[in-house]
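any chance you can model this:
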Amino acid sequence: MKQESLAMLKLAMEAYAPLSDTTWHEMTLLCKTHTIAKNTYLYTAGEVPTSFAFVTKGLIRGFTLSDNGHEYNKNFFSEGQFPGSMTALLTSTPSRLAFETIEESQVVTIDFCGFRRLLFANKELMKFQIHYLEKNWLLHKDAREIELVQDDATLRYQQFTKDFPALVDRLPLYHIASHLGITPTQLSRIRSKLTLR
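Next comes the predicted model:
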């Protein structure tokens, strides 16, 4: 599993920037592979994380709890994506987000301090980081923030199905509803109306 998982990670990273054999070897020294059972925490809220992850198989949600105990699913991470609390990692503070498997998952965890040291010493990794952040943080974050403010729940659901078609059938409806900021009942009504169109 380890070599296959690392090969998937390399392929994902090289979609943003090419990596030399030397850079890749140094990167692999920071990686560990894990199989995590369904409904298990990869990272818990309140802990100061020391790593982030890459999903090679499975599905993970990043979520937070409100003061009254309501869950809000901020993000879903499937194959080829990087779950982890970047704010907590960058500030060395407890994470406000928890990360839990929705399916049995295989992940590569990457030591954050080691990655940062390598990143600042390596132009190839810097290029990867810049391109990754531009696409997945800046562009996606802007679109998501506009969506939440301007779009009604039906439009948000339609956008979700457009952006993440492979996740619609993999996720329980209550997880999608939480991500959209609506109740499961509201989501069922929206889906029924859309089916009747």
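
contacts and neighbour counts: CA atoms only from here.
Fine.

pLDDT-wise, which helix or strand of the chain ranks last?
Lowest on mean pLDDT, DSSP states H and E among the helices and strands of the chain sits helix 140-150, with a mean of 55.

enumerate every residue touching residue 127.
Residue 127 is in contact with 16-17, counting by Cα atoms under 8 Å, 6 or more residues apart in numbering.

and the next helix or strand past the least confident helix or strand of the chain?
helix 153-163 (DSSP states H and E).

buried residues in that following helix?
Across helix 153-163, burial judged by 16 or more other Cα atoms under 10 Å covers 153-154, 156-157, 160.

and which of those is nearest to residue 57?
Nearest to residue 57, judged by Cα to Cα, of the buried residues of helix 153-163 is residue 160 at 21.0 Å.

which residues does whatever helix or strand residue 174 lives in contact?
Element membership for residue 174 (DSSP H and E) is helix 173-180. Under the criterion Cα under 8 Å, 6+ apart, residues 71-75, 153, 156-157, 168, 183-184, 186-187 lie in contact with helix 173-180.

filter the residues you listed down to the buried ones.
Neighbour counting over the contacts of helix 173-180 (16+ other Cα under 10 Å) leaves 72-74, 153, 156-157, 184, 187 as the buried ones.

let me know the average pLDDT across stretch 14-25.
Averaged over stretch 14-25, pLDDT sits at 96.

end-to-end on it?
In terms of Cα to Cα, to the nearest Å, the two terminal residues of stretch 14-25 are separated by 14 Å.

just for the chain, where's the confidence low?
Within the chain, the segments meeting pLDDT under 70 span 137-151, 197.

one more pass at 80, please.
1, 136-151, 196-197 (pLDDT under 80).

what ranges do the strands span in it?
Secondary structure of the chain (DSSP state E): strands at 31-36, 41-43, 51-57, 60-65, 71-77, 98-101, 105-111.

how many neighbouring residues does the nearest residue to residue 171 once chain neighbours are set aside have?
Leaving aside its chain neighbours, residue 171 sits nearest to residue 102 (7.8 Å; criterion: Cα to Cα, 6 or more residues apart in numbering). Here the number of neighbours of residue 102 (other Cα atoms under 10 Å) works out to 22.
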